[in-house]
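**Q** Give me the fold of what follows.
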Amino acid sequence: MQKIQTTLLKNSLTSNASEAHALFEKSKFGERLDQKILYSACEAFFLVKENKMQILNFQNKPISENILLKKLCHLDKNFLTKYPVFEDLRKKGYIVKTALKFGADFRVYEKESQTNDSHSKWLCYATQENKQITWQDFVAKNRVAHSTKKNLLIAILDEENQISYYEIKWTKP
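**A** Numbering: from 1, shown residues only. Take a look at the predicted model:
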């Protein structure tokens, strides 16, 4: 497969290449937006690292992986925490999408699910092991997950970039 040509304009990564549409259909990378595929920062960086995408600037010149990483970190201060979680989940076969409207980092779909036909199983929050969370924040995250009929998935990234996952489910007494 030829590399997907994607353009970075401000904070938007889009492509209307046939390869982008084919990859969306096959592996659910990106979201349809009119005639284009819109990529999240994590999706685009993952595809660049997998040598499946080339990102161009507004002058149609390639952006190096290092420059891209700097730009993505500038756009999202938590990118270096979120990306390893995204990468780990995708490599394990899960479909991972943004969850901004839920106040979470990601929606995570079961392996082999079709995102347009099914609901995500988890709302995922990525955090560093040395970052504290209050009980109020934990309860708020859990309530959002429960109200959207999802389980809460906390991904904790340690100093060696190892990830521990904790799934929280509501149970009835």
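**Q** So this structure: which segments form each domain?
**A** The record's domain parsing of the chain by automatic domain parsing lists 4-75, 79-168.
**Q** mind putting these in a markdown table, mean neighbour count and mean pLDDT included?
**A** Just so you know, the C-beta spots here come from the backbone N, C-alpha and C atoms, and that holds for glycine as well. Below are the domains of the chain laid out as a markdown table (neighbours: other CB atoms under 10 Å; pLDDT from 0 to 100):
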| stretch | mean neighbour count | mean pLDDT |
| --- | --- | --- |
| domain 4-75 | 16 | 92 |
| domain 79-168 | 16 | 91 |
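**Q** Now do the closest residue in space to residue 57 that isn't next to it in sequence against residue 39, distance only.
**A** Excluding its sequence neighbours, the residue lying closest to residue 57 (CB to CB, 6 or more residues apart in numbering) is residue 63, at 5.5 Å. Going from residue 63 to residue 39 by CB to CB, to the nearest Å gives 14 Å.
**Q** cool, and residue 6?
**A** 6 Å.
**Q** who touches both of the two?
**A** Both residue 6 and residue 39 are in contact with 13, 14, 15, where contact means CB atoms under 8 Å, 6 or more residues apart in numbering.
**Q** Can you lay out the residues you listed as TSV showing distance to residue 81 and secondary structure?
**A** Formatted as TSV, these follow (distance: CB to CB, whole Å; DSSP: H, G, I helix; E, B strand; the rest coil):
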residue	distance to residue 81	secondary structure
13	20	strand
14	25	strand
15	26	strand
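**Q** Tell me the one among these nearest to residue 166.
**A** Residue 166 lies nearest to residue 13 out of the shared contacts of residue 6 and residue 39, by CB to CB, at 30.5 Å.
**Q** ok, that closest one touching residue 39?
**A** Yes - because the distance of 4.3 Å satisfies CB atoms under 8 Å, residue 13 is recorded as touching residue 39.
**Q** between the two, what contacts are shared?
**A** By CB under 8 Å, 6+ apart, residue 13 and residue 39 have these common neighbours: residue 6.
**Q** so which helix or strand takes in the residue nearest to residue 126 when sequence neighbours are not counted?
**A** Spatial nearest neighbour of residue 126, chain neighbours left out: residue 85 (4.2 Å); criterion: CB to CB, 6+ apart. Assigned by DSSP states H and E, residue 85 falls within helix 79-91.
**Q** Contacts for that helix next, please.
**A** Taking CB under 8 Å, 6+ apart as the rule, helix 79-91 contacts 41-43, 45-46, 49, 72-73, 76, 96, 105-106, 108, 124, 126-128, 155, 157, 161, 163.
**Q** Go through the residues you listed and flag which are in helices.
**A** Among those, the subset assigned to helices under DSSP state H consists of 41, 42, 43, 45, 46, 49, 72, 73.
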